[in-house]
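Undergrad: With the sequence up front, the predicted model follows.
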Amino acid sequence: MNKVILEDTGCPLGCPRDDEPVLVGRDRIHALPGRFAVVRCKSCGLMRTNPRPTQDSIGLYYPEDYGPYLGTRVSTNSSQEKEWIKKVLRPIYTRVLEFNTTRLPKMPPGRMLEIGCASGAFLHKMAVRGWTVEGIEFSPSAAEAAARLGYKIFRGPVEKAPAPASTFDLIVGWMVLEHLHEPILALKKLRSWIKPDGWLVISVPNAGSFEFTIFKDRWYALQLPCHLYHFTPKTIGLVLDKAGWEMKKIHHHRTLTNLFASLGHLMQDYKYEKMAEALIKLPEKAGLLNAALYPLGLILGLLGQTGRMTVWARPKG
């Protein structure tokens, strides 16, 4: 096992070093060793994992079977039945039940960059819709899977990615920003890569939700130490503003699977292993459950109290 090196960092917004402790947690996804503290900046309220694994050593916590790598693979041999479900039932399902998980502004196809594209499922989806797509992915194996689909992929962290040949109309990142060691640097780079009328669309866990308040270190979306920052609607706006972006909208997701998986972590701590395992696996296969719970998810989403959110931003002039 490679050695994990920890580093102490200050608030990326440049605030004075005056933090308050929030919680101490562990890796609940792969049960890898280590205890990690989350602190809150007293000046701006932004929470971060500190101390944290360095960029060169954090790869230990992203094994080959990391969920997003596996869940974004594109199948090349789907059965006719599955293809029918995708083409007929899924559009109806998503029109009736808007979960906001990958909600985009209405715009014609153009050039799109996805940061943290994993194995390429969303790139492929947008390419089929007529977009010219590129991706950035930290994991060598996931990046290779996306590249095999025929897309241009930079293998490495977004902070080290080179400038593109031309600017983008749309930049997206689904549950990525909280993983970045230098989110301000990354967002500034993205600001320089987008057209003046382009859109940045990113989703992040919502640490301002009641889920975080109730579950703390058992919150499913906490995911220490991979998640280095823990945003609320206020602090994601501050980070975007610092990097040259103006937040236009927040779409709170209308799914409750985080809530059930967090209950699974609670059951795990009380040694109810079978129940815990079933609850923790729900986010990976909760299509019908999401549909059944949609009315409650809709209400909590409108109140800003679900565990994840999608943010739309424009470059500041």
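TA: That came in fine, so what should we check first?

Undergrad: can we go C-alpha only for contacts and neighbour counts from here?
TA: Fine.

Undergrad: Would you tell me which helix is longest in this structure?
TA: helix 257-269 (DSSP state H).

Undergrad: elements contacting that helix?
TA: Taking 3 or more C-alpha pairs under 8 Å, 6 or more residues apart in numbering; DSSP states H and E as the contact definition, the neighbouring helices and strands of helix 257-269 are helix 273-280.

Undergrad: I'd like the distance from the helix it packs on to the chain centre, please.
TA: Per C-alpha atoms, centre = their mean, to the nearest Å, the displacement of helix 273-280 from the mean C-alpha position of its chain is 23 Å.

Undergrad: hmm, who's touching the following helix or strand past that helix?
TA: Helices and strands here follow DSSP states H and E; after helix 273-280, the next one along the chain is helix 287-292. Contacts of helix 287-292 with the rest of the structure, by C-alpha atoms under 8 Å, 6 or more residues apart in numbering, involve 97, 255-257.

Undergrad: Derive a PyMOL selection command for the buried subset of these.
TA: To isolate the buried ones among those in PyMOL, judged by 16 or more other C-alpha atoms under 10 Å, type:
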select buried, resi 255+256+257
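
Undergrad: Could you identify the least confident member of the contacts of helix 287-292?
TA: Across the set of the contacts of helix 287-292, L97 stands lowest in pLDDT, at 70.

Undergrad: doesn't Y294 make contact with that one?
TA: Yes. Counting by C-alpha atoms under 8 Å, Y294 is a contact partner of L97 at 7.2 Å.

Undergrad: would you list every one of the helices in this structure?
TA: Listed in chain order, the helices found in the chain under DSSP H are 67-71, 80-84, 90-96, 121-128, 140-147, 183-192, 210-215, 233-242, 257-269, 273-280, 287-292, 294-302.

Undergrad: From L302, how far out is L224?
TA: Look at L224 and L302: by C-alpha to C-alpha, to the nearest Å, they are 28 Å apart.

Undergrad: Comparing those two, which shows the higher neighbour count?
TA: More neighbours surround L224 than the other of L224 and L302, with 25 against 14 (other C-alpha atoms under 10 Å).

Undergrad: Just the pLDDT at the closest residue to the more buried one other than its chain neighbours, thanks.
TA: Nearest residue to L224, sequence neighbours excluded (C-alpha to C-alpha, 6 or more residues apart in numbering): D27, at 5.2 Å. The pLDDT attached to D27 in the predicted structure is 96.

Undergrad: Could you check how many residues crowd around D27?
TA: Neighbours of D27 under the rule other C-alpha under 10 Å: 18.

Undergrad: Run a quick check on it versus L60, I expect a contact.
TA: No. Counting by C-alpha under 8 Å, D27 stays clear of L60, with 11.2 Å between them.

Undergrad: Give me the below-cutoff pLDDT ranges for this structure.
TA: Within the chain, the ranges that satisfy pLDDT under 70 run 1-2, 67-71, 73, 75-96, 285-287.

Undergrad: quick check: longest strand of it.
TA: Identified as the longest strand of the chain according to DSSP state E is strand 194-205.

Undergrad: wait, what's in contact with D197?
TA: Contact partners of D197, counting by C-alpha under 8 Å, 6+ apart, are 169, 314-315.

Undergrad: Revised request: answer the last question for S262.
TA: S262 neighbours (C-alpha under 8 Å, 6+ apart): 215, 218-220, 279-280.

Undergrad: let's see it at 10 Å
TA: Contact analysis of S262 by C-alpha atoms under 10 Å, 6 or more residues apart in numbering lists 211-212, 214-222, 268, 276, 279-280.

Undergrad: Now the two most distant members of those.
TA: F212 and A276 (18.3 Å; C-alpha to C-alpha).

Undergrad: State the distance from the closest residue to W174 other than its chain neighbours to L185.
TA: Counting by C-alpha to C-alpha, 6+ apart, S203 is the residue found nearest to W174 once chain neighbours are left out, at 4.9 Å. In this structure, S203 lies at 18 Å from L185, with C-alpha to C-alpha as the measure.

Undergrad: who has more neighbours, those two?
TA: Using other C-alpha under 10 Å as the criterion, S203 and L185 rank with S203 on top: 25 against 17.

Undergrad: right, and the more buried one touches I171 too?
TA: No. The pair S203 and I171 fails to qualify as a contact (C-alpha atoms under 10 Å) at a distance of 11.7 Å.

Undergrad: Columns distance to G45 on top of the contacts of helix 287-292, output as CSV?
TA: Compiled in CSV, the contacts of helix 287-292 are given as follows (distance: C-alpha to C-alpha, whole Å):
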residue, distance to G45
L97, 33
T255, 26
L256, 25
T257, 26
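
Undergrad: Write down the beta-bridge partners of the residue nearest to W174, one by one.
TA: W174, T310 (DSSP bridges).
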